[in-house]
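Chemist: Could you look at this predicted model? Sequence included:
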Amino acid sequence: MINKYRKSNSLSLVLKGIIMGAANKVPGVSGGIVAFVMGFYETLIYSLQRFNLKAANLFFKGRFKSFYLYINGRFLSLLFLGMIISYFSISKLLDYLINRYEIFVWSVFFGMIIGSVLYIYNDYQSWNLKTSIFALIGIIIGTWISLLDPATQNDDLWFVFFCGIISVSGMALPGFSGSFILILLGNYVMLLVDSVNTLFDTFVFIFTGDFSFTLDTQHMRLLKVLMVFTLGSIIGLISLSHVLTYVLKRYKNITLALIMGFITGSLGIVWPWKKTIFKKDEFGEILVDANGSHIIENYQRYLPEINVHTISLILFIIFGISIIAGLEWYGKKRKKNI
């Protein structure tokens, strides 16, 4: 399976990383869905689980080429390159579109997840009583998570480490949005906005020869928070890939059924017709983050009225479904050419 992807076009892998990175950025959307639909989910999991004792032994013995080949380095490096590019390009465009055309963007995302669900269910051929029960369990868990109320911000380092483990799960678990989970845990702004901006400011200070930031306790605290969060993310991604490799090898059908159910249940997270509820202080004023953006507390969902605006949103949902249909067509075409 891994050798098959070594022959893949480099640009194709980078583009997949860009799409996956953009999906990971948006609360309610999972990069794992992209991997699942585009056909490289199992390759991603099996590549990540190769970060083990054998890989460490190769690395510390200086056998870097063997280490690179063993972990499927070409696949991972190109995929993560795309994700990095996405963070500084596509994800910025998504931020712009969400700020100005929020309900239309959510409609496209909603359609994309519906398309993902239809694609996965259509491709799955192992339905029986056991797999149906696990799919139902996945639906219940996904629905329950989508209806939870967010917690308050917590910068305790052990909790931040836990957030790192949880947030990266969206890459490994289709339908499990790490960004949305961070909102529920109360740390989305601190970990994905404030800390990242602090890191960028740090590079600017160092480049200009200004090291006064080392005297700023809040600045240094956020850098420490980001380091712990990153460590948790790395450990979480590698650990989760080992767990998923184990269960996919031994319980593949029920695991996939559970994932499909979870994706279905999490549809409520990206329901387009919702009102954003912003966090307020004791005086009723809306709180803002370090960028001056309003801090999101939760969403209040509602059923739409039938009018021209609703019909236009339905068309955007259909557009989202067509994107996944196009990816499915592309994936089948590539398989025929391999």
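Modeler: Right, received. Where do you want to start? Numbers count the residues shown, from 1 in each chain.
Chemist: what are the ranges of the helices in the stretch 101-250 of the chain?
Modeler: 102-123, 129-146, 157-167, 169-172, 178-185, 188-189, 195-207, 217-250 (DSSP state H, counting those that start in this stretch).
Chemist: Deepest-packed of those, please.
Modeler: helix 169-172 (a mean of 25; mean count of other C-beta atoms under 10 Å). All C-beta atoms are positioned from the backbone trio N, CA, C, and that covers glycine.
Chemist: which other helices and strands contact that helix?
Modeler: helix 10-25, helix 31-37, helix 41-48, helix 178-185, helix 217-250 (3 or more C-beta pairs under 8 Å, 6 or more residues apart in numbering; DSSP states H and E).
Chemist: Of those, which is nearest Trp271?
Modeler: helix 178-185 (12.3 Å; C-beta to C-beta).
Chemist: Mind giving me the packing neighbours of the closest one?
Modeler: Helix 178-185 packs on helix 10-25, helix 129-146, helix 157-167, helix 169-172, going by 3+ C-beta pairs under 8 Å, 6+ apart.
Chemist: Identify the residues contacting the longest one?
Modeler: If you take C-beta atoms under 8 Å, 6 or more residues apart in numbering as the criterion, helix 129-146 is touched by 175, 180-181, 184, 253-255, 257-269.
Chemist: let's see it at 6 Å
Modeler: 253-254, 257-258, 260-262, 264-266, 268-269 (C-beta atoms under 6 Å, 6 or more residues apart in numbering).
Chemist: Sitting in strands, which of the residues you listed do you find?
Modeler: Of these, none are assigned to strands by DSSP state E.
Chemist: So which of those sit within helices?
Modeler: 253-254, 257-258, 260-262, 264-265 (DSSP state H).
Chemist: now stretch 112-132: mean pLDDT?
Modeler: For stretch 112-132, the mean pLDDT works out to 80.
Chemist: before we move on, what about stretch 24-36?
Modeler: Rounded mean pLDDT across stretch 24-36 is 70.
Chemist: cool, stretch 43-51 as well?
Modeler: For stretch 43-51, the per-residue pLDDT averages 84.
Chemist: Then stretch 288-305?
Modeler: pLDDT averaged over stretch 288-305 gives 71.
Chemist: and the gap between Ala22 and Gly115?
Modeler: Taking C-beta to C-beta, to the nearest Å as the measure, Ala22 falls 16 Å from Gly115.
Chemist: about what we covered before: of the helices of the stretch 101-250 of the chain, which is nearest Met38?
Modeler: Closest to Met38 of the helices of the stretch 101-250 of the chain is helix 102-123 (C-beta to C-beta; 10.3 Å).
Chemist: Extract the CA atoms of that closest one and return them as CSV.
Modeler: Extracted in CSV, the C-alpha atoms of helix 102-123 (Å, rounded to 0.1, in the frame of the first residue of the first chain):
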residue,chain,number,x,y,z
GLU,A,102,-20.3,32.9,6.7
ILE,A,103,-23.7,31.1,6.0
PHE,A,104,-22.7,30.4,2.4
VAL,A,105,-19.3,28.9,3.5
TRP,A,106,-21.1,26.7,6.1
SER,A,107,-23.5,25.6,3.4
VAL,A,108,-20.7,24.4,1.2
PHE,A,109,-19.1,22.6,4.1
PHE,A,110,-22.4,21.0,5.0
GLY,A,111,-22.8,19.8,1.4
MET,A,112,-19.2,18.5,1.4
ILE,A,113,-19.8,16.4,4.6
ILE,A,114,-23.2,15.1,3.2
GLY,A,115,-21.3,14.2,0.0
SER,A,116,-18.6,12.4,2.2
VAL,A,117,-21.3,10.5,4.0
LEU,A,118,-23.0,9.4,0.8
TYR,A,119,-19.7,8.4,-0.7
ILE,A,120,-18.5,6.4,2.3
TYR,A,121,-21.9,4.6,2.8
ASN,A,122,-22.1,3.8,-0.9
ASP,A,123,-18.5,2.4,-0.9
